[in-house]
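Engineer: this one's sequence-less:
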């Protein structure tokens, strides 16, 4: 996933809210209905549904409505894309730190 990807911006925007992160943590245990997900929060269902839509628009969850019950489930493929991006970032920073260590060693040897 490209660093300048609007998709990545949308995902990190979804991660930015504590309510949404709590919903994602809960969904890590398995699918749940919107009403079950909303139960621990002190908010009406319409504002809670905005959080669900944000997560769904980011592709982090999928929802399915059967009758009057909407069930939410994590989308592991989207997490894999974020993991790949984070892994790339870690590798870049590790490389930078190795180069900095080498430079510091060279400077110390030069001072001797």
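Structural biologist: Okay, I see it. Predicted, not measured: the structure shown is a model, and the values here were computed from it.

Engineer: going forward, measure contacts between C-alpha atoms and count neighbours the same way
Structural biologist: OK.

Engineer: grab the longest helix from this structure for me.
Structural biologist: Looking across the chain with DSSP state H, the single longest helix is helix 76-111.

Engineer: name the helices or strands packed onto that helix?
Structural biologist: Counting contacts by 3 or more Cα pairs under 8 Å, 6 or more residues apart in numbering; DSSP states H and E, helix 76-111 packs against no other helix or strand.

Engineer: show me the shaky parts of this protein.
Structural biologist: For the chain, the stretches flagged by pLDDT under 70 are 1-4.

Engineer: can you tell me the strand partners of the strand or helix carrying residue 70 and which way each runs?
Structural biologist: Using DSSP states H and E, residue 70 sits in strand 69-74. Paired neighbours of strand 69-74 in the sheet (DSSP bridges): strand 32-33 (antiparallel), strand 61-66 (antiparallel).

Engineer: who are the contact partners of the residue nearest in space to the middle of the chain?
Structural biologist: The residue at the geometric middle of the chain, judged as the C-alpha nearest the mean C-alpha position with Cα atoms, centre = their mean, is residue 15 (4.9 Å). Contacts here follow Cα atoms under 8 Å, 6 or more residues apart in numbering; on that basis residue 15 touches residue 21.

Engineer: hmm, try it at 10 Å
Structural biologist: Counting by Cα atoms under 10 Å, 6 or more residues apart in numbering, residue 15 makes contact with 9, 21-22, 24, 54-55, 58, 60.

Engineer: gap between it and residue 66?
Structural biologist: For residue 15, the distance to residue 66 under the criterion Cα to Cα, to the nearest Å works out to 27 Å.

Engineer: that concludes my questions; thank you for your assistance.
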